[in-house]
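Sequence first, then the predicted structure:
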Amino acid sequence: MEPRAIRPGVQWLGAVDWDRRLFDSLIPLPDGTSYNAYLITGSDKTALLDSVDPAKADTLLAQLEGVERIDYVIAHHAEQDHSGTIPLVLERHPEATVLATAKGVELLAQHLPIPVERFRKVADGEVLSLGDKTLTFVHTPWVHWPETMVTFLTEERILFSCDFFGSHLATSDLFVTDEGQVYEAAKRYYAEIMMPFRRIIQRNLAKLEPYDIAMIAPSHGPIHGRPAFIVDAYRDWVSETPKNEVVIPYVSTHGSTTKMVDRLVTALVAQGIKVHQFDLPVTDIGKLAISLVDAATIILGTPTIHVGPHPAVFYAAHLANALRPKARFASVIGSYGWNSKAIEQIAALIPDLKVELLTPVLAKGRPVADDLAAVDRLAAEVSERHRALFGQS
Ligand code: FEO
């Protein structure tokens, strides 16, 4: 794709990666992604903001053909999908200096072959003049690495936010045109990447409030021409209060756990609780992560394999623990053949979830009437806790 003008002297560069289906060999990308870089041409100086994943280096270098001078390469984030092509840009532009936070300089030097003399650290709130354009660097740590920062272009009121407010979405649209589609992609992105840093993001959002932002240009997905849409969504996602929702990731080998999950779902829905049910072997973990953003309760369903939970449930529990959602309650249901330590093992996997563990239900073999009655009691316990939390249900 050719460079695309956003405002006078401000261009989108970068690559749309339509076919990428996995990030970090872990995160599903059902809609591909993009690596957005931006070129700001001032009356005196020119700045390139971020670069692209090394797999798309040729695209960026072709877009930069004819750019005579790059004075600054602004590296908001050291992860290679944005920084990986900086060494090639520096090779072509020996005049360019890389600007990053102090931590950013440290990480960039560790991850990429960039000589130390090519770096300059920028302070929080530091202002850089490009002549008729003025940049302010705002340190916004942990979105989602410790070194991250954003840049505000005063004259055009554009916030360049890198991963912050981004979405893995391949599209030919330069700007957001379908907020419903972008909401889903951005929430998936937040859930998978940002959620563990929810409280720090609250502070970063507050830090950006003094800036009168007309446009947010992230480094993944389309540009937000209506910043309130994504800022309000983030405020909701990072808020302290969960929603009246239960997430049930589960596995069933011979149908017993499925029977218990079905009973639980029926009982919860009857109590007015929204349920997200995921059969883990066929689940897109991004969908599971999205549902963890809001849920007040997580209930894992598992058969017992070699005395412990099914490995897919191990994985889901570990993932939930790593993402540190705002859930308040958790429990386990399932069945076993002759013996089980599934409950103890799952409880040990989620030390970082600040949850109250509700009464688990394990059936020996196929669930009989007593087991299903215990599932009903668990649903009542969940409902009671949610009523106390939401004053409804
Ligand atoms: Fe898009 Fe954290 O890199």
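That came in fine, so what should we check first?

Quick check on the closest residue in space to residue 95 that isn't next to it in sequence: phi, psi?
Among residues not flanking residue 95 along the chain, residue 69 sits closest, at 6.1 Å (CB to CB, 6 or more residues apart in numbering). Quick note: C-beta positions are derived from backbone N, CA and C, even for glycine. Phi and psi for residue 69, reported as degrees, to the nearest 10, are phi -140, psi 130.

Would you quantify the distance from residue 69 to the ligand?
27 Å (CB to the nearest ligand atom, to the nearest Å).

That residue and residue 47 touch, don't they?
No - contact criterion CB atoms under 8 Å: residue 69 and residue 47 do not qualify, at 10.7 Å.

Neighbour count: those two, which is higher?
Ranked by neighbour count (other CB atoms under 10 Å), residue 69 and residue 47 place residue 47 first, with 24 against 10.

Give the rounded mean pLDDT of whichever strand or helix holds the more buried one.
If you go by DSSP states H and E, residue 47 is part of strand 46-49. Across strand 46-49, the average pLDDT comes to 98.

Could you chop this structure up by domain?
4-238, 247-387 (automatic domain parsing).

check contacts around residue 259.
Neighbouring residues of residue 259 by CB atoms under 8 Å, 6 or more residues apart in numbering: 366-367, 372.

so how many other residues sit close to the closest residue to the ligand within the stretch 51-200 of the chain?
The stretch 51-200 of the chain approaches the ligand most closely through residue 79 (3.7 Å), counting by CB to the nearest ligand atom. Other residues near residue 79 number 20, with proximity taken as other CB under 10 Å.

Touching, it and residue 147? I think so.
No - using CB under 8 Å, residue 79 makes no contact with residue 147, being 9.4 Å away.

Drop anything exposed from the contacts of residue 259.
Among the contacts of residue 259, those scoring as buried are 367, 372 (criterion: 16 or more other CB atoms under 10 Å).

ok, and which of the contacts of residue 259 reach the ligand?
For the ligand, no contacts are drawn from those by CB under 6 Å from any ligand atom.

tell me which of the contacts of residue 259 is nearest to the ligand?
Closest to the ligand, out of all of the contacts of residue 259 and judged by CB to the nearest ligand atom, is residue 367, at 43.8 Å.

ok, now which ones touch that closest one?
Residue 367 sits next to 256, 259-260, 263, 335, 375 when contact means CB under 8 Å, 6+ apart.

how about 6 Å then?
256, 259-260 (CB atoms under 6 Å, 6 or more residues apart in numbering).

what's the answer for residue 202, then?
residue 238.

C-terminal to the strand or helix carrying it, which secondary structure element comes first?
Taking DSSP H and E as the criterion, the element that holds residue 202 is helix 198-208. The element immediately downstream of helix 198-208 (helix or strand, assigned by DSSP H and E) is strand 215-218.

Toward the C-terminus, what is the element adjacent to that following strand?
Downstream of strand 215-218, the next assigned helix or strand under DSSP H and E is helix 227-238.

Partner strands of whatever helix or strand comes next after that following helix and their direction?
Next along the chain after helix 227-238, taking DSSP H and E as the criterion, comes strand 243-250. In the sheet, strand 243-250 lines up against strand 274-279 (parallel), strand 295-305 (parallel) (DSSP bridges).

okay, strand 243-250 in CSV with CA atoms only?
Taking Å, rounded to 0.1, in the frame of the first residue of the first chain, the C-alpha atoms of strand 243-250 are listed here in CSV:
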residue,chain,number,x,y,z
LYS,A,243,-20.7,-7.4,35.2
ASN,A,244,-23.4,-9.9,36.0
GLU,A,245,-21.8,-12.6,33.9
VAL,A,246,-20.3,-16.0,34.4
VAL,A,247,-17.6,-17.6,32.2
ILE,A,248,-17.5,-21.4,32.0
PRO,A,249,-14.5,-22.8,30.2
TYR,A,250,-14.8,-26.6,30.2
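
buried set for the helix or strand just after it?
Later in the chain than strand 243-250, the nearest helix or strand by DSSP H and E is helix 256-270. Across helix 256-270, burial judged by 16+ other CB under 10 Å covers 256-261, 263-265, 267-268.

Distance check, residue 127 against residue 105.
According to CB to CB, to the nearest Å, residue 127 stands 19 Å off from residue 105.
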